[in-house]
Every structure is written in C-alpha cells, then in structure tokens.
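Peer 1: give me a 3D structure for the following:
(4 chains)
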There are 2 protein chains.
Amino acid sequence: MGKQPYVCGLDAAVDVIDGKWKVLIIWALDHQRCRFGELRRLVPGVTEKVLTQQLRELEADGVVHREIYDVKPPKVEYSLTELGDELNTALRPLGAWGKRRMAALEEAGPGRPPGRTG
Amino acid sequence: MGKQPYVCGLDAAVDVIDGKWKVLIIWALDHQRCRFGELRRLVPGVTEKVLTQQLRELEADGVVHREIYDVKPPKVEYSLTELGDELNTALRPLGAWGKRRMAALEEAGPGRPPGRTG
DNA sequence: GTGCGTACTTACCTTCAGGTCAGTGAGGGC
DNA sequence: GCCCTCACTGACCTGAAGGTAAGTACGCAC
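Peer 2: Predicted structure coming up:
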C-alpha cells in the first residue's frame, strides 16, 4: 500500500505483490496453511525480519490471514484469504508466461550466467 | 534479469515487470506503438532517464521492440513484441483483480489516505 | 541567434527496502 | 545450567533503484 492513487487496476495489483518475497509467499501459501517456520523454509533466502514484515503487509492488504494459537511454544498459522486465493488465480497466467520464458532462457543458453542475449 | 535462477515461473515473470514503471509502460504500449515522448506523457511521473532505462531492460527481455527511424528530428517508436503481447494478456487477470481491489478500497474509505483498515 | 522539440546520456545525490545481528520469554531435552 | 525452538522485534547498515539537473546534436520557427 505504498502509492495510491493508482493509475489502473494493474497498478493496484502490483502494489500488493511488490516486495522481494511476496509472490513467493503467496505461492507457498497456495492451498495450504503454513506456520511461520515452515514458510521460512519454503521461501529460501528470506530472513525472519523481512518475512514477518511482508506477511504483515500482505495481511494489511487482506490477502493473507494470520491465526495465533495461544499455546507454548508459540504457534501462528498463515493462510490465504479468499481475496488472496483470487490473487493467486489471477497470478497463474503470469506464472505460466514466466515458465515459458524460463524454458526459452534455458534453450537460449543452458547454464549460462544471466545477461543480455549477445 | 536480475536474479536467476528462478524458483518458479511467477518468479521469472515478476523479474521482467520489476521496475517502478514497467507495467505502466507495457500497459501503455498495449495495442499501440508509441514514440518516446508520447510514452513519457502516457506514464505520468516518469523521468526521461528512467523511462529510457526501463525501456532498454524491457527490450533486453524481449517484450518491447524499439524501432529507430533515421530522420531529423530523431524518431524512435516502441511497440510490444509478440512475447510482450502475451505478457500483457497474462497480466490482464491481475489487472482485473486490482480493479476489484481498487473498488473495494474506494468503498472502504473514499478520499481517505492510504493505511490500515482500522 | 535564441529557443524549442526530438531522444537520449552522464554525473551526482537521495531514499528506502531489505539484510545483519542481537534480544525476548517460555517450555523442553540433556 | 545451557542451549534449542517458537515467532517475533528493534537498531543499525548497505546497495541499488530511482530522481535531479545538466549536456548533446540536429532542424525548424521566429
């Protein structure tokens, strides 16, 4: 929720998924609820601080639901809200496009370092 | 083309549209070719430097085509490649989702500053 | 010949998202 | 008693993305 007003719907959507790990988090949460620690393992490379942070933003945006169990040791479960589920659905074509791009990239230069086509 | 290897297709797609103005640029280029100056007007707030920069990245990623006419004054036209067109198509559901979110945001608090729901 | 419009490029600067590291409090294993 | 895990929080730092302002080379209008 950084900018607003948005110039178009896409703008508004991108604002929600804007964050280094957000799509990965949303992806990981697709049809499965996760505990904080699980999520951390599911999203390789993310730190605890940033995971928490992005999770909170996602929660504020209404795409992620956070459920706290008052037990010891602490237990918190994250899941997608209906809105989040819809987001994931909307994200699917984009994922498919990216997959095709990855395949094309593979074909162009397998094992090559990233860079321009030249 | 920042990261790679991508953990999934979505990751690869987001990498392409990652940049403050890129989706807006791609959106503006949807079924219309534009000159540099037009694009600048179509994407309010972007500076020349950054527009050029993001356009070049988009070009390197194969979603935008750049056509230079050897005339004076200089003329350069940008358009979507087929891949770019597909990207736009893949982006459409996301745009629709965002539009619904914008509507919901409007309903929740018209004219309110952005922030938490409280 | 001054200034505008074309499409950039360059040097420099600011901002802030994200990363590092340390701390919290309670229970359990050894 | 010590350290581990759980799910965080806060202070501090860094790097890179993006913004600012100026320069470039050309033609045209006035």
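Peer 1: how near is the residue lying closest to residue A:6 once chain neighbours are set aside to DNA strand D?
Peer 2: Among residues not flanking residue A:6 along the chain, residue A:12 sits closest, at 4.2 Å (Cβ to Cβ, 6 or more residues apart in numbering or on different chains). For the C-beta atoms, the positions are set from N, CA and C on the backbone; glycine is no exception. In this view, residue A:12 and DNA strand D are 17 Å apart by Cβ to the nearest atom of the strand, to the nearest Å.
Peer 1: so what's residue A:12 up against?
Peer 2: The contact partners of residue A:12, taken as Cβ atoms under 8 Å, 6 or more residues apart in numbering or on different chains, are A:4, A:6, B:98-99, B:101-102, B:105.
Peer 1: if we use 6 Å, what do you get?
Peer 2: Contact analysis of residue A:12 by Cβ atoms under 6 Å, 6 or more residues apart in numbering or on different chains lists A:6, B:98, B:101-102.
Peer 1: for the residue nearest to residue A:101 when sequence neighbours are not counted, give me phi and psi.
Peer 2: Residue nearest to residue A:101 in three dimensions, not counting chain neighbours: residue B:12, with 5.2 Å by Cβ to Cβ, 6+ apart. Residue B:12 adopts backbone torsions of phi -70, psi -40, taken as degrees, to the nearest 10.
Peer 1: quick check: residue B:12 vs residue B:60, distance?
Peer 2: 14 Å (Cβ to Cβ, to the nearest Å).
Peer 1: what does chain A have sitting close to DNA strand C?
Peer 2: Applying Cβ under 7 Å from any atom of the strand, one finds that chain A approaches DNA strand C through A:2, A:19-21, A:45-50, A:53-54, A:72-74.
Peer 1: rerun that using 10 Å as the cut-off
Peer 2: A:2, A:18-22, A:43, A:45-54, A:57, A:71-74 (Cβ under 10 Å from any atom of the strand).
Peer 1: list the contacts for residue A:34?
Peer 2: Residue A:34 touches residue A:78, counting by Cβ under 6 Å, 6+ apart.
Peer 1: run through who's touching stretch A:53-63.
Peer 2: By Cβ under 6 Å, 6+ apart, the surrounding residues in contact with stretch A:53-63 are A:16, A:19, A:21-22, A:64, A:66, A:81, A:83-84, A:87, B:116.
Peer 1: hmm, 8 Å instead?
Peer 2: Stretch A:53-63 is contacted by residues A:1, A:16, A:19-22, A:25-26, A:36, A:39, A:46, A:64-66, A:78, A:80-81, A:83-84, A:87, B:116-117 when judged by Cβ under 8 Å, 6+ apart.
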